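A.B. asks: Next comes the sequence, and after it the predicted model I'd like to discuss.
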Amino acid sequence: MIPRYTQPEMAAVWTDEARFEHMLRVELASLHALAAQGTVPAQAVDAIERRGRVDVARIAELEKTTDHDVVAFVNQVAETVGEAGRYLHFGLTSSDVVDTALALQCRSAAELLLGELDELIGLLVRKAREHAGTVMMGRTHSVHAEPITLGIKLATWAFELDRDRKRLRAAAADLATGKLSGPVGTYSQLGPEIEAAVMAELGLALDPVSTQIIQRDRHASFLAAIAISGGSLERFATEVRNLQHTEIGELQEPFGRGQTGSSAMPHKRNPILSERIAGLARLLRGYALAGLEDQALWHERDISHSSVERVALPGATTLLHYMLVRFRGLVDGLVVRPERMRENLDRGLGLFGSSRLLTTLVESGGLTREKAYGIVQAAALRAADERRPLRELVESDPDVALVLTPDQIAACFDETRLLRHVDAVIARLDTLEVPSHARS
């Protein structure tokens, strides 16, 4: 991934040095098990553990000849340990090491992603509670519907991210799986007891039945969970973009001192971060599709998945990590404009009261639903066309006056009545898992 969209913590997970160090961990864990079994001399394992070093530049140099990075890696490490190096890669096939090491890398990447999700969920919970009473207009089809509060909106974000977290946590746990079952999964060189010992040392599950590789449904699930999380961030970012429209102006991205919105128009304050997040989410969906394409490998293994994963797994985890970090900064500095929210509510001419007016005419006025709907719809359309408050038109409607009192009509336009259950909804945030350090 290009540096522009890369955080240093995630970059460290996917360096060539980190990859080969994880591969060396797998090799050493295998040697530990073989030494315990008496197959490999303990002193040789000790020598490899003390002297074995990864040299990425030397591996690259050797690979020019071998055209095989695992062979180049084994040969390079062997060079650093002398005679004992002959026991490296004993009884192993390349995918034993590569797939198991990849599981370790993905686990590290997932830990960073889950940590950022924890932080963002904690922040959204705090913001939702802070704005539980910040009244704004709810919109469906981009048209005024009924009042909600900003707290309710942010609470939906928090719960959606919690679902993303559960999906990602489950997919990461499933992917934290290794194998040491040999060229076609039959343990032709090393027995299942060696595999079990290695996975126990590395803290990985073992694949109950593998071929030469870990099957790629696990990786596809991981990439899909990442893409869905990116889709959530895109939804939230799109809402910020919409509410930052000049004609709406209810929310604004933070805008730093010295920041520039346009090279030609000094007045511009654009939602560039939200737009960037929306764009990057498209890449995540592309990586997920690539992961799905990787599932159908030939026979016990081919290599068509390898080139894809070298791009898709670092790319997807790096992008989602960046998006989570940046969106957390956006939420933390989000500019909330309750005065514009009130202005937009008032511009709605009280049309939000139509639903309650309809049910009141049926419940208290004794009208059929069809008759009541016709009365309210006619008044509402007239209010919108003539730019007159709906309540004013209803109060002067003789059909309504026959069945409802002025107080009953007024109650239909009472925002507090429509929002009386907000506290109950906000209280559900207490059920979310929020680490103690992210609570305040």
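C.D. replies: Thanks, I have it. Numbering: from 1, shown residues only.

A.B. asks: could you measure V425 against D162, distance?
C.D. replies: Shown here: V425 relative to D162, a distance of 15 Å by C-beta to C-beta, to the nearest Å. Glycine gets a C-beta too; all of them are placed from N, C-alpha and C.

A.B. asks: what do you get for A316?
C.D. replies: Using C-beta to C-beta, one gets 20 Å for the distance from A316 to D162.

A.B. asks: V425 and D162: which is more packed in?
C.D. replies: Neighbours per residue, other C-beta atoms under 10 Å: of V425 and D162, the larger number sits with D162, 20 against 17.

A.B. asks: Pull the number of nearby residues for the nearest residue to K371 once chain neighbours are set aside.
C.D. replies: Across the structure, with C-beta to C-beta, 6 or more residues apart in numbering as the measure, the residue nearest K371 apart from its sequence neighbours is L361 (7.9 Å). The burial metric for L361, expressed as a neighbour count using other C-beta under 10 Å, is 26.

A.B. asks: looking at it, L361 is touching G374, isn't it?
C.D. replies: No - L361 is beyond contact range of G374, at 10.2 Å (criterion: C-beta atoms under 8 Å).

A.B. asks: what helices or strands is the host helix or strand of R285 leaning on?
C.D. replies: Using DSSP states H and E, R285 falls within helix 272-293. In this structure, helix 272-293 packs against helix 217-243, helix 304-332, with contacts taken as 3 or more C-beta pairs under 8 Å, 6 or more residues apart in numbering; DSSP states H and E.

A.B. asks: Single out the most deeply packed of those helices.
C.D. replies: Each of the helices and strands packed on helix 272-293 was assessed for mean neighbour count using mean count of other C-beta atoms under 10 Å. The highest is helix 217-243, with a mean of 22.

A.B. asks: mind showing which ranges of this protein have poor pLDDT?
C.D. replies: Judged by pLDDT under 70, the chain has its weakly predicted residues at 438-440.

A.B. asks: hmm, 90 instead?
C.D. replies: Judged by pLDDT under 90, the chain has its weakly predicted residues at 1, 255-270, 364-366, 399, 401-402, 435-440.

A.B. asks: What segments of it are strands?
C.D. replies: Per DSSP state E, the chain has strands spanning 135-140, 143-149, 177-178, 205-206, 251-252, 335-336. These are given in chain order.

A.B. asks: For those, state which one has the densest average packing.
C.D. replies: strand 177-178 (a mean of 24).

A.B. asks: Sheet-wise, list the partners of it with their directions.
C.D. replies: strand 205-206 (parallel) (DSSP bridges).

A.B. asks: just to revisit the earlier point, including distance to A170, could the helices and strands packed on helix 272-293 go into JSON lines?
C.D. replies: As requested, the helices and strands packed on helix 272-293 are arranged in JSON lines below (distance: least, C-beta to C-beta, whole Å):
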{"stretch": "helix 217-243", "distance to A170": "8"}
{"stretch": "helix 304-332", "distance to A170": "16"}
